[in-house]
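> Sequence first, predicted coordinates after that:
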There are 2 protein chains.
Amino acid sequence: MTIIFSKKCEYGLQACLYLAALNTMEVIPSGEIAKKLKIPKEFISKILQSLTASGLIYSKKGKLGGFSLAKNPNKIKLIDIVTAIDGLELFERCVLGFPNCSPDTPCPVHDKWGELRTKAYQMLTEETLDAFAEKTLRKIKNL
Amino acid sequence: MTIIFSKKCEYGLQACLYLAALNTMEVIPSGEIAKKLKIPKEFISKILQSLTASGLIYSKKGKLGGFSLAKNPNKIKLIDIVTAIDGLELFERCVLGFPNCSPDTPCPVHDKWGELRTKAYQMLTEETLDAFAEKTLRKIKNL
DNA sequence: ATTAAATCGGATATTATAATCTGATTTAAT
DNA sequence: ATTAAATCAGATTATAATATCCGATTTAAT
C-alpha cells in the first residue's frame, strides 16, 4: 500500500478539473459528475459538499441544483484542493515516519527527500485548474 | 490523510537503516530494535519476518536470536525495502486516481508529476543503506 | 532435561478510510 | 399546492491498514 493523496482528494481533484474543463458558470449535478468520471455518486457528492464548505466550490440547492467552481479556474491552484481535503501533512510529515523531523533533528533522508518534496509542492502551488482543461477533456473522453 | 509509504514500510526502512548503522554481523532481537526506534515491538517483529521471507533480512531463531541484514548494507538499496513491503504501486498508480494512466491516455498532470516521480524513484534506486549510517545514528540518539 | 528468550504463524482486535444509505430540506416547474 | 430533482446532514456499513495477542517452535545456557 502506498498513497499520495487520499481517494477523497483524488476524486476532489478530478471533479474540480472536470468543472474547470467545462468552462461554464452553470451548476452541474453531482450525479452527472459521478457519471462522467465513473466514480461513486454518493461519495463525490460528500466531497463536493466539503469543498463547498471550504469555499472552493459553489453549490445550488433544489431542482436544477448542482455544483460549480466558486471562482475562475485560473484562480484555483491544485494545492488549494489538496489543502482543503488532505491538508499539508504530505509536506510536513517525515517520509520515514520519524518524529520531529526538522533541519535540527533531520531523519536520514531529510535533505534528499526534502528537495523532491519542495518541487512537488511548488508544482501544486504554481499550477491552476485552467491549465489542464484540454488534457482533462481528452482523458475523460477515454474513460 | 496523505501517505507516501505505509507505516509498515516506514518502520521497515527505519529498522533496516538502524541495522545498517550498527555495522555488525550479529543479530539484534526485535525487542531491542523496537526500543531504540520507539516503535511497537510486535509490529516491527512482523515486518522483519516478512523482510526475512523477502531475503533482505537474516533471522536467527531461539535464545540469542534476532535479526540482521542479509547482505552488506552497500548492497541494499532503499527501493529494495520499499518494493518488498509496499510494492511499486507508488510509481505506477495515477496520482489523480484515473484508470489507465499512461503515455497513451495520460491524466491531466501526467507529465508534470511523472518527472517528480521519476526523480524519487531514481533517488531510492541509487541510494544504499550504508550511505545513511551516521545520520541514522544521530537521529536515533535524539528519539 | 529444564529453563529462558527469541522467531514464527495464525488469529484477533482496533482504527481509519471508503462507500452507502436514509431522511430532511431546498428550489423550479407544473 | 404538488411534484420532481437536487443538496445536505447524519448514521451506518464495508473494507483495509494498523496493532496486539497467543501459543508453538527453535535454540543456547544451566
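Thanks, I have it. Numbers count the residues shown, from 1 in each chain, chains lettered A, B, ... in the order given.
> going forward, measure contacts and count neighbours with C-alpha atoms only.
Will do.
> what packs against the worst-scoring helix or strand of chain A on mean pLDDT?
Least confident helix or strand, chain A: helix A:89-92 with a mean of 93, by mean pLDDT, DSSP states H and E. The contact analysis (3 or more CA pairs under 8 Å, 6 or more residues apart in numbering or on different chains; DSSP states H and E) places helix A:89-92 against helix A:110-126.
> list the helices and strands the helix it packs on packs on?
The elements that helix A:110-126 packs onto, with contact taken as 3+ CA pairs under 8 Å, 6+ apart, are helix A:78-85, helix A:89-92, helix B:110-126.
> Could you tell me which residues within stretch A:93-112 count as buried?
A:93-98, A:101, A:105-110 (16 or more other CA atoms under 10 Å in any protein chain shown).
> Keep only those of the residues you listed that are also close to DNA strand D.
Contacts with DNA strand D within the buried residues of stretch A:93-112, as defined by CA under 7 Å from any atom of the strand: none are present.
> and whichever residue of chain A sits closest to DNA strand C, what are its phi and psi?
DNA strand C sits closest to residue A:62 of chain A, with a gap of 2.7 Å, by CA to the nearest atom of the strand. According to degrees, to the nearest 10, the main-chain angles of residue A:62 amount to phi 70, psi -180.
> Roughly how far does it sit from residue A:24?
19 Å (CA to CA, to the nearest Å).
> Would you mind listing the buried residues in the helix or strand in which residue A:139 is found?
Taking DSSP states H and E as the definition, residue A:139 sits inside helix A:133-141. Neighbour-count burial for helix A:133-141, counted by 16+ other CA under 10 Å, picks out A:133, A:135, A:136, A:137, A:139, A:140.
> which ones are touching the last one?
With contacts defined as CA atoms under 8 Å, 6 or more residues apart in numbering or on different chains, the neighbours of residue A:140 are A:36, A:37.
> What of the first one?
Contact criterion CA under 8 Å, 6+ apart gives A:17, A:18, A:20, A:21, A:22 as the residues in contact with residue A:133.
> now the third one
By CA under 8 Å, 6+ apart, residue A:136 lies in contact with A:17, A:18, A:21, B:107, B:108.
> now with 10 Å?
Residues in contact with residue A:136, defined by CA atoms under 10 Å, 6 or more residues apart in numbering or on different chains, are A:14, A:17-22, A:129-130, B:106-109.
> Residue A:68: what secondary structure?
Using DSSP: H, G, I helix; E, B strand; the rest coil, the structure places residue A:68 in strand.
> show me where pLDDT drops low in chain A?
Counting by pLDDT under 70, chain A contains no low-confidence range.
> picking that back up, show me the contacts of residue A:136 that map onto helices.
A:14, A:17, A:18, A:19, A:20, A:21, A:22 (DSSP state H).
> Report the two of the residues you listed separated the most.
A:14 and A:22 (12.4 Å; CA to CA).
> who has more neighbours, those two?
Using other CA atoms under 10 Å in any protein chain shown as the criterion, residue A:14 and residue A:22 rank with residue A:14 on top: 23 against 16.
> ok, now how distant is the more buried one from residue A:29?
15 Å.
> check contacts around the residue nearest to residue A:20 when sequence neighbours are not counted.
Leaving aside its sequence neighbours, residue A:20 sits nearest to residue A:73 (CA to CA, 6 or more residues apart in numbering or on different chains; 5.6 Å). By CA under 10 Å, 6+ apart, the residues touching residue A:73 are A:16, A:17, A:19, A:20, A:21, A:23, A:128, A:129, A:130, A:131, A:132, A:133.
> Over to residue A:41?
Contacts of residue A:41 (CA under 10 Å, 6+ apart): A:29, A:30, A:31, A:32, A:33, A:34, A:35, A:47.
> And for residue A:28, nearest residue in space, chain neighbours not counted?
Here the residue nearest residue A:28, using CA to CA, 6+ apart, is residue A:66, at 4.6 Å.
> cool, residue A:106 as well?
residue B:139 (6.6 Å).
> Chain A against DNA strand C: which residues are in contact?
A:6-8, A:40-43, A:46, A:60-65.
> Need the buried ones from those selected in PyMOL.
Only the buried entries of the residues of chain A next to DNA strand C go into this PyMOL selection, using 16+ other CA under 10 Å:
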select buried, chain A and resi 6+7+8+41+43
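> farthest pair in the residues of chain A next to DNA strand C?
Maximum distance among the residues of chain A next to DNA strand C (CA to CA): 31.0 Å, for A:6 and A:63.
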